[in-house]
Structures are given as C-alpha cells and as structure tokens.
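Participant: Build me a model from this:
(one chain, ligands or ions: 2)
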Amino acid sequence: MLLALITAFSLLGSVGAIAFAGVFLLFPERTRASLIPGLISYASGTLLGAAFLGLIPNAIDRLEAATVLQFVLAGVLLFFVLEKLILWHHCHNEECEVRETSGPLLLIGDAVHNFVDGVIIAAAFIISVPLGISAALAVIAHEIPQEVGDFGVLLDSGYKKERAFLLNTLSGITTVPGALLAYFYLREVQGLIPYIMALSAASFVYIAMVDLIPALHRKAGIAAGVRQFALMLAGVATITLFHLH
Ligand SMILES: [Zn+2]
Ligand SMILES: [Zn+2]
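Facilitator: Numbers count the residues shown, from 1 in each chain. Ligands and ions are numbered 1, 2, ... in the order given. You can find the predicted model right below:
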C-alpha cells in the first residue's frame, strides 16, 4: 500500500508535472505569462509549509532540535555549493548569464534534482501518509513551473517539441527510482530518516527562497503583490490541512 502511494505520488511529481507543463505550453503566451507567477507563488507556499510545518517538526520528534537545525543549515549551504558547481560547469567566459543553461546540462541537473525529490517523497511517506502527501504536494507544485521553464530552455536551444518532451520526461522520471531506492533502503536504516527530513527541508526552503520567490519580485505593482501573497498563503494553508493535530 505504502509502496503504491509512493510510486503514484512520485509519478505525479515527475511525469505528471511534465505532462501538465506540456499542456501549459499549448496556452497562448499571455495566459501563460499571467498563470505562471500564480503557480510559483502557490508552490513557494507549499514548499515553505511542508518544510516548517511537516519535515522539520517531524525530524525534531526523532532527534535533538539543535541537531536538526544544524542539518537544515548544512543543507542550505550544500545546495548553494551544488548550484555553484553546476554554474561553474557551464560558465566559460568571464561574465556569463545564469539563464544561459545548455540543454544537456539542464537535463542532467534536472535528473539529479528529481532523484532527490523522489528520495524526499519516499522518506516522508515512511514516516506517515499525511507527511508524505504534504511533501509530495510541495514537489508537484514546484515541478510544474519548473518543467515549464525546462521546456522553454530546451525549445530555445533548438530542440524540436517532441524531442524536448521525450528528453524532459526521461530526465524527470528519475523521481521514481529515487523514491523506490529510498523506500527499500530507508526501511532498513530508519535512523537515517530524520537526517534526510532535515536535508529535505533545506532543499524545499532553498527552492522556495532562492529559485521561486526572487522570480516573483520581478513583477511590480500592488495588485500583483497582493495576489502573489494570497496564493502563497493558500499554499501554506493547503499544507496545514495535512498537519492538523
Ligand atoms: Zn523538484
Ligand atoms: Zn525537466
């Protein structure tokens, strides 16, 4: 039963999000441009909610609070270094634009990232089904705008639509092996789970604060700001539903 849930949610968080992103690309440019910030706002709310209401409290139930927070801090620093490493690799000239991600590099980065998302989903489900669903929702919500962006980069670097879809699906599906490996391994080594929870929380906080929220600040205006904040709160509220005690 647990295995079926983990498989279903990691499929939704990978192939499901990619399919949804593909449908999104069929919308006219203007519709897309107005929907994406909404999705990003909602996703950042679910990520922060899942980290602070789900993952961190659950890790603190099993480990000393100070240790958990040290792992969250280490995770944030680790994700910074990882992101730097990926940027160094595709930076050849002195000044280069972060946005100039190449197709192959994007696909590799995506594969690694989605594998980690799979580990997070499985570890959360092993602790409890509500925690699993809240973590999986945060994954699905951030993966949709993420994959829309991936398609944009692939199409811009000259890939045909079908090829972009195939490659993005292949790189994105790593969520499933990530989840399955974590499920079989972590059931044997349960003591590792709280550490994984702390690192997962770091990953969620990092994605929300570093990748998603800065994109929201590019749009000025009170109305846009209020809508973004309301959707962010809606994301947090959705996660709250899974952590009512
Ligand atoms: Zn992700
Ligand atoms: Zn992708």
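
Participant: What residues does residue 191 make contact with?
Facilitator: Residue 191 makes contact with no residue, according to C-beta atoms under 8 Å, 6 or more residues apart in numbering. Just so you know, the C-beta spots here come from the backbone N, C-alpha and C atoms, and that holds for glycine as well.

Participant: does it count as helix, strand or coil?
Facilitator: When classified by DSSP: H, G, I helix; E, B strand; the rest coil, residue 191 comes out as helix.

Participant: Distance of the residue in the chain positioned nearest to ligand 1 relative to residue 223?
Facilitator: Checking the chain residue by residue against ligand 1 with C-beta to the ion singles out residue 117 as nearest, at 4.2 Å. Noted for residue 117: a distance of 33 Å to residue 223, by C-beta to C-beta, to the nearest Å.

Participant: Now do the buried residues in the helix or strand bottoming out on mean pLDDT in the chain.
Facilitator: Taking mean pLDDT, DSSP states H and E as the measure, helix 65-89 is the helix or strand of the chain with the lowest mean score, a mean of 88. Across helix 65-89, burial judged by 16 or more other C-beta atoms under 10 Å covers 68-69, 71-72, 75-76, 79, 82, 86.

Participant: ok, now stretch 149-157?
Facilitator: Within stretch 149-157, the residues that count as buried by 16+ other C-beta under 10 Å are 149-151, 153-155.

Participant: ok, now stretch 27-46?
Facilitator: Using 16+ other C-beta under 10 Å as the burial criterion, the residues of stretch 27-46 that qualify are 36-46.

Participant: What parts of the protein come near ligand 2?
Facilitator: Residues of the chain found near ligand 2 (C-beta under 5 Å from the ion) are 110, 147, 150, 168, 172.

Participant: Can you give me the neighbour number for the closest residue to the first one other than its chain neighbours?
Facilitator: Spelled out, that is residue 110. Among residues not flanking residue 110 along the chain, residue 171 sits closest, at 4.5 Å (C-beta to C-beta, 6 or more residues apart in numbering). Using other C-beta atoms under 10 Å, the number of residues around residue 171 comes to 23.
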